[in-house]
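A.B. asks: any chance you can model this:
(chains A, B, C, D, E and F)
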6 protein chains.
Amino acid sequence: MEKKFPVIETDRLILKEIIRDDAEDIFKYLSDENVMKYYGLEPFKSIDEAMEEIGWYQSIFDEGSGVRWGITLKGHRNVIGSCGFLNKVPQHYRSEIGFELSKEYWGKGIANEALAAVIQYGFEQMNLQRIQALIEPLNLSSQKLVERNGFIKEGLMRNYEYTCGKFDDLFMYSLIKQDVETGSNT
Amino acid sequence: MEKKFPVIETDRLILKEIIRDDAEDIFKYLSDENVMKYYGLEPFKSIDEAMEEIGWYQSIFDEGSGVRWGITLKGHRNVIGSCGFLNKVPQHYRSEIGFELSKEYWGKGIANEALAAVIQYGFEQMNLQRIQALIEPLNLSSQKLVERNGFIKEGLMRNYEYTCGKFDDLFMYSLIKQDVETGSNT
Amino acid sequence: MEKKFPVIETDRLILKEIIRDDAEDIFKYLSDENVMKYYGLEPFKSIDEAMEEIGWYQSIFDEGSGVRWGITLKGHRNVIGSCGFLNKVPQHYRSEIGFELSKEYWGKGIANEALAAVIQYGFEQMNLQRIQALIEPLNLSSQKLVERNGFIKEGLMRNYEYTCGKFDDLFMYSLIKQDVETGSNT
Amino acid sequence: MEKKFPVIETDRLILKEIIRDDAEDIFKYLSDENVMKYYGLEPFKSIDEAMEEIGWYQSIFDEGSGVRWGITLKGHRNVIGSCGFLNKVPQHYRSEIGFELSKEYWGKGIANEALAAVIQYGFEQMNLQRIQALIEPLNLSSQKLVERNGFIKEGLMRNYEYTCGKFDDLFMYSLIKQDVETGSNT
Amino acid sequence: MEKKFPVIETDRLILKEIIRDDAEDIFKYLSDENVMKYYGLEPFKSIDEAMEEIGWYQSIFDEGSGVRWGITLKGHRNVIGSCGFLNKVPQHYRSEIGFELSKEYWGKGIANEALAAVIQYGFEQMNLQRIQALIEPLNLSSQKLVERNGFIKEGLMRNYEYTCGKFDDLFMYSLIKQDVETGSNT
Amino acid sequence: MEKKFPVIETDRLILKEIIRDDAEDIFKYLSDENVMKYYGLEPFKSIDEAMEEIGWYQSIFDEGSGVRWGITLKGHRNVIGSCGFLNKVPQHYRSEIGFELSKEYWGKGIANEALAAVIQYGFEQMNLQRIQALIEPLNLSSQKLVERNGFIKEGLMRNYEYTCGKFDDLFMYSLIKQDVETGSNT
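C.D. replies: All right, here's what the predicted structure looks like:
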């Protein structure tokens, strides 16, 4: 039996499953070198690559190692970015977070709104204890984004990933469930 | 076709595949609470658990996500400990290292001799770029062991693993291929 | 004999003693959840809590463990925020700094102007050697504020305070007297 | 009504209240410059100073800001060192730990045995959440001692204490209640 | 035979040799206390000091220990700032970077544009492996500038420089050649 | 006029100038790969290299950028190791420290005794404010040696030196004048 993909609603956004019909939408931003600068892949050159990417989103959801939401503005059906969990390690209740957004929507707090909702989902629905983010030193805006959500920089992981032909040092950030619990009120 | 398990010879040791016949040997030390203190599992209580452990060793080798050597002294067939790689991420050329040794052999440099050989194997035969070790703050002897082999402490990973009913903070250590290359001629 | 409360004048501000007549002023911002987010207390619900707070300000001044200034704009008598020292350890010449500001005055450099004056007072009049600030990871604006005044992040203090029903990790920042001395001129 | 001073028994030790009759015992080691090197006080020169120290032990116990045990070997009544809590902040469930031992007993694991018992007492009987230790960089043996008990170094606190006429940088170490809970079994 | 000074062209800038005729230009900003706040020298008081500075630029170029470019806007001959390398250690392929800009040009991305070009020159033409920057904790804008170019903060160097009559703690930042190589395709 | 080389006497050692007659002595340990492992040079193969090394010692003393003492045991004229300052930056009152010792004298506290004397000389006679040591991560014994003398690890300097054909990451340690001042009594 199939798992149902969880839809999340925030003030301005609907986070939903990315399907094959969204290929052109995601190709649009995944082919933009500004967006892809720190994605760990070269900018996409064909719609086929977008199809493959969607296939990967579906496979991580099916196998339970992650979940990737398409970001849409309420009242619009276009996917303008995506975010979600990957590399989930269920045994240790931790997962990694990833996100990217079409350039024309930068600077409006959309990534932050999506991220906050996804974090809440991770702790409450997926029962995560630790959410980690691995971010390139040069990617200051993503560092700021996760810091605004309470992530703490734990260290520089040397040569942690091999992307686009070279080994990258990455900052390890993490958010622990207790960090975000308000603890207040009965 | 089956992969052949690589045997490694050092000055005093033979590192070899752990098979079902070794179950009693490994049960001996995996049931010792001194050895298991930081293993991430409760001390084993039955030979069946040792069997299961061996099954896990074989499965990570078969699926290519790791390799676990049994440590034997030259001229003796008993397995007195084990060490090796786990959680290999081939795409990023990195893997984690793990090890444990029967208590009666502590303090003789055996873990160090095995570890050095395994590290060399990882860089030269498995083409790893980064070997990481995740060690509990209380486990000072393992910290010392990896530091003696050039590992650098990158940070404290908060609530990184859930073992024995609680979340553990772990130190992330890593060794990069270049760190150990002598660089000198011939 | 009573100590006289020290009044401080800056370009735009008068920093003065907070008295019982200021209770409504301080209740205004201490009941605002935006202001109280990282204050370590729930937003105030009654003027009585403001009265209690003022009592605490007076007690730390009387016993010599701190001093809390009300922030007023020149030409206006309303208290729009407060800042000052607490947890002074005279034996070691160090104290902690704290501050908060009514939301409508954010973004005008007022907190910075008050903080700079208070720091100067601490080093010159109170003979402090070390001023420390304990700030929640999520409270980025306070981190930026103290960094702009030369504070250096020394580490993450785990579970350092119990506030609003949970234990908080806090960044320890400090400023040393020498850090701010210009050293120039005769 | 008076609080009763808690006596602690370990394998080899009785940890007990230090009373005025112990003045000569504690003077013996508090006048030894080897012991006092990192104590934050000059070596004692008269029995009166030892009396004063005992008075301080009693005052912190009476006011509830700490508790200092005298270390005695089972079957002997001499106090050969002391250890305990100081600077307790009940509101935040944290306290600092301190210890020293007569030089002739160094290297026998006595400080470790006493410290482990005191830590357990702090978490279980005093309901502490965080135990911190502030140690001079030069005091390697104390650093090792607390690390062996699971304390994690959080950072270097600059000019944190003024002792013997100068400001000392101190390493902040902490142990969190969860760090030591085994979490295993019922 | 004389070395030829390398001219660098960017989108909006020409980076060129600073000669004696530029003394008035550089005096203009080197006498501005806003610019000199973290320069390690008092604001200049006479054109002679500017002449001396130019002499120093020429001497480090002649002796091969550095190179300092004057920043000019295309189509204008005025030097509005400078940047470049100093304290080169050829044996270890590393050098330090320094920069400053006339205040009226702040906030336009000019320092960033100059810095990026100079970094590229350092790795490609000067064969550097490591470029380091030593920045005062209070100098947040320079920290941000180098972080935007991928520099990583390695630590706080205590009392590293003696400037204007006092010892300064400085953050050590570095950029490694590999950090900036794209690694991707031809 | 020539500077006179300063001779230092400690309990067991005389630290003295290294002259050409000492070439065979220093060749003995500089050709030992155990000693040279972290020296930054290949083990020496000829007496000529020792001669060159002595020439370097003399040149840094003559030009004032350092001073290197030969370590001798009282009552013996053989040089069994050396230690001293290099890369002095007089303008900033800092210098680097280096040392090595013939293997047969390891483990007797000789390096420690020499280092302590040299540090004292640096602060008192050379007027240094900061003494730094750059040590390879694998060189645990040197790390321990400087830590025992109060040095604090400030960070990992990436690719800081190019030695024996590769770039080394080095730990930056430093000792500040105030760290060692007792501050006590007249």
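
A.B. asks: surely residue A:41 meets residue A:161?
C.D. replies: No - applying CB atoms under 8 Å, one finds residue A:41 not in contact with residue A:161, separated by 11.2 Å. The C-beta positions use only the backbone N, C-alpha and C, and glycine is treated the same way.

A.B. asks: who has more neighbours out of these two?
C.D. replies: residue A:161 (21 against 11; other CB atoms under 10 Å in any protein chain shown).

A.B. asks: wasn't residue A:156 part of a helix?
C.D. replies: No - counting by DSSP: H, G, I helix; E, B strand; the rest coil, residue A:156 is located in no helix; its state is strand.

A.B. asks: in the sheet, who's paired with it?
C.D. replies: Under DSSP bridges, the beta-bridge partners of residue A:156 are residue A:171.

A.B. asks: pull the contacting residues for it.
C.D. replies: For residue A:156, the contacting residues are A:137, A:169-172, B:154-155, E:152, by CB atoms under 8 Å, 6 or more residues apart in numbering or on different chains.

A.B. asks: and these as TSV, adding neighbour count and distance to residue F:7?
C.D. replies: TSV is the format used below for the contacts of residue A:156 (neighbours: other CB atoms under 10 Å in any protein chain shown; distance: CB to CB, whole Å):
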residue	neighbour count	distance to residue F:7
A:137	20	49
A:169	20	47
A:170	22	52
A:171	22	51
A:172	22	51
B:154	20	45
B:155	18	46
E:152	19	44
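
A.B. asks: of the residues you listed, which is the nearest to chain C?
C.D. replies: residue B:155 (10.6 Å; CB to the nearest CB).

A.B. asks: list the residues that contact residue A:145.
C.D. replies: A:99, A:111-112, A:115.

A.B. asks: confirm it sits in a helix?
C.D. replies: Yes - according to three-state DSSP, residue A:145 belongs to a helix.

A.B. asks: helix, strand, or coil at residue A:55?
C.D. replies: Here residue A:55 takes the helix state, with states given by three-state DSSP.

A.B. asks: ok, it to chain B distance?
C.D. replies: Residue A:55 sits at a distance of 17 Å from chain B (criterion: CB to the nearest CB, to the nearest Å).

A.B. asks: for residue A:29, see how far away that residue is.
C.D. replies: Going from residue A:55 to residue A:29 by CB to CB, to the nearest Å gives 18 Å.

A.B. asks: mind listing the helices for chain A?
C.D. replies: For chain A, the helices defined by DSSP state H cover A:23-30, A:33-36, A:47-63, A:110-124, A:140-148, A:177-180.

A.B. asks: how about chain A: which residue is closest to chain E?
C.D. replies: Closest contact between chain A and chain E, by CB to the nearest CB, is at residue A:166 (3.1 Å).

A.B. asks: neighbours around that residue, how many?
C.D. replies: 14.

A.B. asks: isn't it right up against residue E:181?
C.D. replies: Yes - counting by CB under 8 Å, residue A:166 touches residue E:181, with 6.0 Å between them.
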